[in-house]
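A.B. asks: below is the sequence, then the predicted model.
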Amino acid sequence: MDIITRRDWFSTCLAMAAWPELSSGQPPRFETLDSATAVEIEAITAQIIPSTGGPGAREAGVIYFIDRALSTFAADDRETYRTGMAELQKRRKAMFHDSTTIASLSDQRQMLLIRAIEKSDFFELLRTHTVMGFLGNPSYGGNRDKVGWKQIGFEDQMTYQHPFGYYDIPGNEK
Amino acid sequence: MSGTTFPTTDPVDFLVLGAGAAGGVVAKELATAGFSVVVLEQGPYLREKDYSHDEIKYAVQPGLTNDPKVQPIMYRRSEAEKARPIKAIEYGRQVGGGSVHFTANYWRFHESDFHERSLFGEVSGASLADWPVSYADLEPYYTKAEYDLGISGLAGANPFEGPRSKPYPLPPMPVKSSGVLFERAAKKLGLHPFPAPVAILSQPYQGRAACVNCGFCESFGCEVRAKSSTLVSVIPTAEKTGRCEIRPNSYVRKIEIDDAGRVTGAVYFDRNRRETFQRAKAVFVCANGAETPKLLLLSKSKRFPAGLANSSGLVGRYLMWDNGGSAQGLFDHPLNEYKGIQVTRLIHDHYEADPKRGFYGGGAIDARFDYYPISFALSGLAPDAPRWGREYKEMFTTYFSRTMTLLAHTSSLAQWKNTVTLDPETKDAWGLPALRITFDHHADDIAAMKWVMSKQIELLQAAGAQKVWSQSLELADSMPSRHLMGTCRMGNDPKTSVVNAHSRTHDVPNLFLVDGSNFVTAARQQPTATIQALAYRAADYAIGAAKRGELI
């Protein structure tokens, strides 16, 4: 049951492809992405999980999670990111002629752009990775200071004592 | 790891292929009875120190299950389609097998499960048949399994269960909020909720400590050895005899047979992918309902050109699926369902098939959460809920602690056309043909899932949920089946079954198959207790035959 989105079961066989040469001057903190691409991807992750009502994808460091994922367990997804981002930039130019980057678009324009691709496999992959970076183990580079876990109410302990919730407290059965 | 090692050139008494739920039991029974045993296991030998609460490693990635990158699974709905690479089936791939990462639900089948054909009659398009064994035949072995492995539960609490000779060795686990709410709702509707029987220790047992309620059972290995997998229960007992070697990272490609029609051992790839032949006097295949038929189909010979022990042509046929639907309810106060084992209460009120419904089948419903943080945010919300943005974030952050799941476990009919075969094109990383699954649901199975789903919704409403939603039904091409049943059917007639009532193949006297492949019907899922009862029974029979000089 459950565990990961249904679509993800279909995306197991993407071909491994070489990531094109990265531009020079890449900051050492990214292992896979060039910093310009990282800024663009981060802007989308911040729309998927915004910083409303508490830290969002940006504060959780989701982009660092994605960067590391693309050089480790999600290396097969590099090509999807490359082509997905290239198409997204084309679409941005087509939708907003005066724009230069996704990150510099207004909130409203970023949301319009995402709405245009929200049914695509690339967006589903990005959404999956954003959630993984927000709610996965911090050792993967995201979920910094466990901000994702704190917001959903997940305590991250090795042991728990009964009662666990409200309804199993004796007397609360009604 | 095992201290005992056997040379490959001298025949051991028994070779066991697969160290999972069944193989672990068989190895322990044979070794403690005085026989020499080698167990070949595809996967690694991991220990509790190797496990963690890492959702990305164990739930998103195949940390403890078959990895389609090295062992592709091909799937098609029917013979008319070309198979596509989809991880349609999932199984535990390490010493302990699926018993390491399962949710640990441990239900006995009902008395009716063993003769549903007689009770219900024929079902068009399906091969519904009676088992050659009854509940009474298996009862002593269910009891043996419960005591040998360490099962927690409350005897007599399930009014639909057959008679039992002994209570559970351990009391039930503490009830969670989902269990309290579910019990209240079920009673309100006149149903019969009972504490979930689970292969998890509620108290210290046989040198192992009790569960610490960490909550990471489903898909995870237990870090405190409280989940009663074969890895921490019977396999150490087998190894302590000094007569059992567990040989991990050993992937079998063929069982060999001699001119007299007896198996002589198995050829396998060792950890360095070198081919090795282990000789044996008798062989038990316990590789699961997909890998067991695959191995038999790979083991072609002059005597068995269609695959070993396949004179019936039924090896790989009648694959049954892990059916059931998932419904969620949101409550006012925190449930914190991520704490504690997954399931603490369930009902079997809708279990029995009833011709008056107009379809075959039924189901059981359990209360749980069924999600971890990532999986909840990705797939736990309603299908029409927002998938990104402010409202999405608000939903998954505020719902996580206040949501519970009612999960159904429903019938799956055996059909001739649903098979495990060898893919003619795709190969795995060892150069062996990939598994090919051909599967489509019987209309009655879908009808049963829908009918039980209506009961799940009714129960959540009766429990006082402020909001109820359900996931679309888990049909075959969208989720992997983890309950691999029915591909080497058990029966009395060699023309219509592969193994006899003691899991011995009709065709080869010193070859046994015991795992989910033996199943004639799928009951209402949760096959592990019955797989292990069959394993104890088959081992018992083999020990008797060997001691009488009939086998080895």
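C.D. replies: Nice, thanks for sending it over.

A.B. asks: and the residue nearest the centre of chain A, what is it in contact with?
C.D. replies: Computing the C-alpha centroid of chain A and ranking residues by CA atoms, centre = their mean puts A:T130 first, at 1.6 Å. When the contact criterion is CB atoms under 8 Å, 6 or more residues apart in numbering or on different chains, the partners of A:T130 are A:T45, A:I48, A:I49, A:A57, A:V62, A:I66. For the C-beta atoms, the positions are set from N, CA and C on the backbone; glycine is no exception.

A.B. asks: ok, and of those, which contact chain B?
C.D. replies: The overlap between these and the neighbourhood of chain B (criterion: CB under 8 Å from any CB of the partner chain) consists of A:I48, A:I49.

A.B. asks: and the contacts of A:T130, which two are the farthest apart?
C.D. replies: The largest distance within the contacts of A:T130, taken as CB to CB, falls between A:I49 and A:I66 and amounts to 12.6 Å.

A.B. asks: chain A contacts on the stretch 151-300 of chain B?
C.D. replies: Within the stretch 151-300 of chain B, the positions near chain A by CB under 8 Å from any CB are B:174-177, B:179-181, B:184, B:212-215, B:218-219, B:223.

A.B. asks: closest to B:F277 out of the residues you listed?
C.D. replies: The nearest one, if we look at those relative to B:F277 and count by CB to CB, is B:S219, at 35.3 Å.

A.B. asks: so what's that closest one closest to, chain neighbours aside?
C.D. replies: Distance criterion CB to CB, 6 or more residues apart in numbering or on different chains; nearest residue to B:S219, sequence neighbours excluded, is B:A59 at 4.7 Å.

A.B. asks: that neighbour touches B:P373, doesn't it?
C.D. replies: No: counting by CB atoms under 8 Å, B:P373 is not a contact partner of B:A59; they are 9.9 Å apart.

A.B. asks: helix/strand/coil for B:K281?
C.D. replies: Secondary structure for B:K281, judged by DSSP: H, G, I helix; E, B strand; the rest coil, is strand.

A.B. asks: neighbours of it, how many?
C.D. replies: For B:K281, the neighbour count with other CB atoms under 10 Å in any protein chain shown is 19.

A.B. asks: so, low pLDDT: which residues of the chain?
C.D. replies: You didn't say which chain, so I picked chain A. Residues of chain A that meet the criterion pLDDT under 70 lie in A:1-28, A:174.

A.B. asks: that answer is for a different chain, and I need it for chain B
C.D. replies: When the per-residue scores of chain B are filtered using pLDDT under 70, the ranges that remain are B:1-2, B:474, B:476-477.

A.B. asks: show the end-to-end separation of stretch B:515-534, please.
C.D. replies: Using CA to CA, to the nearest Å, the span of stretch B:515-534 from its first residue to its last is 8 Å.

A.B. asks: and that stretch, how far from the chain's centre?
C.D. replies: Distance of stretch B:515-534 from the chain centroid (CA atoms, centre = their mean, to the nearest Å) equals 7 Å.

A.B. asks: ok, how many other residues are close to B:E275?
C.D. replies: The local packing of B:E275 (other CB under 10 Å) involves 11 other residues.

A.B. asks: what does B:D440 give?
C.D. replies: Other residues within reach of B:D440, judged by other CB under 10 Å, total 17.

A.B. asks: for B:G261, same thing?
C.D. replies: Summarising burial for B:G261: neighbours were counted as other CB under 10 Å, giving 14.

A.B. asks: which residues are in contact with it?
C.D. replies: B:R303, B:D507, B:V508, B:P509.

A.B. asks: what about 7 Å?
C.D. replies: Listed by CB atoms under 7 Å, 6 or more residues apart in numbering or on different chains, the contact set of B:G261 reads B:R303, B:V508.
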